[in-house]
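>>> need coordinates for the following:
(4 chains)
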There are 2 protein chains.
Amino acid sequence: MKETNETNDLQKAGLKATLPRLKILKFLESTAVRHLSAEDVYKAMLDGGDEVGLATIYRVLTQFESAGLVTRHHFEGGHSVFELNEGKHHDHIVCVKCGKVEEFYDETIEERQHLIADKNGFSMTDHALTIYGICSGCQ
Amino acid sequence: MKETNETNDLQKAGLKATLPRLKILKFLESTAVRHLSAEDVYKAMLDGGDEVGLATIYRVLTQFESAGLVTRHHFEGGHSVFELNEGKHHDHIVCVKCGKVEEFYDETIEERQHLIADKNGFSMTDHALTIYGICSGCQ
DNA sequence: AATTAGAATGAGAATAGTTCGCATTTGGAG
DNA sequence: CTCCAAATGCGAACTATTCTCATTCTAATT
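Residues are numbered from 1 along each chain as shown, chains lettered A, B, ... in the order given. Predicted coordinates:
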């Protein structure tokens, strides 16, 4: 089999398997850091010896978001961070000192969000819950 | 009594009662729109015949935030919106079609957030919960 | 394997939102 | 009423992101 997993993933998502997209997807799958800015991805490409324009990074990440491959978060600080979608939905707890991000999932909160949306006449499409605090290491 | 409420509020917050700060605070207290961008405030000042530089708007809103008079939110779209602090804490539900913002408060969610922070070894300082959906009018 | 049309990319300009630097003005303590 | 530190206004600078468009690449077809 010649086709890589990534090539298949992209095609299933309706995206041509171009070099920049493959490189970015492979990087996202291989890196230990789960929450990355566009700039982070750009630098990682450079470090890996691959030249990918920053505009392309933004375009590709936005396409990945539309295709459901990644999720875009708006943590404090004004810039977007991207996270590869794997496993199940979760929310985040961010350390305001060192920026560390932990993930959590709470069924009760999930349920109540739907209740609240219904009660307000909204059809819920998404939600963003981020807890800010100081992690054990920074206290 | 010569001192206005706003003058007192500012002094209590440790801020000199300057003209731009008074104008902005009065505007925030009088407007029906609770969630405003810096640009919104800037335009409101112009419409009211008051010349306040945009940089000053940003500085003052940031000071108000530090002083606890307003809260800054990062809804989708990249820019900050500010809300006068009055009444109790609440979270938001935002319509992704028309931008309408509703407020809600859910005790159960509040409690569970603290539990989750504790469980992860974080001392919680803040949180941001925004539900996105389509409001009744837009469906 | 060569052709080719349309999609994707790279580079830099453009834009939006926000902050900074500094000369000028202002608030309020004495 | 004076005076100094603090605050303001203005434009430049900055950051994150998007756009433009000439060039390159993908993949379907010959």
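
>>> can you list the residues of chain A near chain B?
A:74-76, A:78, A:80, A:93, A:95-96, A:102, A:104, A:106, A:108-109, A:112-113, A:116-117, A:119-136, A:139 (Cβ under 8 Å from any Cβ of the partner chain). C-beta here means a position set from N, CA and C on the backbone, and glycine is covered the same way.

>>> which among these count as buried?
Buried members of these, scored by 16 or more other Cβ atoms under 10 Å in any protein chain shown, are A:74-75, A:80, A:93, A:95, A:102, A:104, A:106, A:109, A:112-113, A:116-117, A:120, A:122, A:124, A:127-135.

>>> okay, now the domains of chain A?
The record, using automatic domain parsing to delimit domains, assigns chain A the ranges A:5-84, A:91-138.

>>> closest to DNA strand D out of those domains?
With Cβ to the nearest atom of the strand, the closest approach to DNA strand D among the domains of chain A belongs to domain A:5-84: 3.1 Å.

>>> first-to-last residue distance for that closest one?
By Cα to Cα, to the nearest Å, the extent of domain A:5-84 from end to end equals 15 Å.

>>> please apply the same query to stretch A:70-78.
Stretch A:70-78: ends 19 Å apart by Cα to Cα.

>>> if we can go back for a sec, adding distance to DNA strand C and mean pLDDT, write the domains of chain A out as TSV.
Compiled in TSV, the domains of chain A are given as follows (distance: least, Cβ to the nearest atom of the strand, whole Å; pLDDT from 0 to 100):
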stretch	distance to DNA strand C	mean pLDDT
domain A:5-84	3	93
domain A:91-138	15	92
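
>>> for those domains, which one sits closest to residue B:87?
Residue B:87 lies closest to domain A:91-138 among those, at 17.5 Å (Cβ to Cβ).

>>> do that closest one and DNA strand D meet?
No. Using Cβ under 7 Å from any atom of the strand, domain A:91-138 stays clear of DNA strand D, coming no nearer than 12.6 Å.

>>> quick one: the residue nearest the centre of chain A and residue B:100, what's the gap?
Centroid check for chain A by Cα atoms, centre = their mean gives residue A:83 as the closest residue, at 1.7 Å. When distance is defined by Cβ to Cβ, to the nearest Å, residue A:83 is 28 Å away from residue B:100.

>>> doesn't the residue nearest to the centre of chain A fall inside a strand?
Yes. Residue state for residue A:83 (DSSP: H, G, I helix; E, B strand; the rest coil) corresponds to a strand.

>>> residue contacts, it?
Applying Cβ atoms under 8 Å, 6 or more residues apart in numbering or on different chains, we find residue A:83 in contact with A:34-36, A:70-71, A:73.

>>> now the helices for chain A?
Ranges of helices in chain A, per DSSP state H, are A:5-12, A:19-30, A:38-47, A:54-66, A:107-119.

>>> any chance you could give me the last one in CSV, C-alpha atoms only?
What follows is helix A:107-119 as a C-alpha-only set of coordinates in CSV (Å, rounded to 0.1, in the frame of the first residue of the first chain):
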residue,chain,number,x,y,z
GLU,A,107,-20.8,14.9,31.8
THR,A,108,-22.9,17.0,34.2
ILE,A,109,-21.7,20.3,32.7
GLU,A,110,-22.3,19.0,29.2
GLU,A,111,-25.9,18.1,30.1
ARG,A,112,-26.7,21.4,31.8
GLN,A,113,-25.3,23.3,28.8
HIS,A,114,-27.9,21.7,26.5
LEU,A,115,-30.6,22.4,29.1
ILE,A,116,-29.6,26.0,29.3
ALA,A,117,-29.5,26.4,25.5
ASP,A,118,-33.0,24.9,25.2
LYS,A,119,-34.4,27.1,28.0
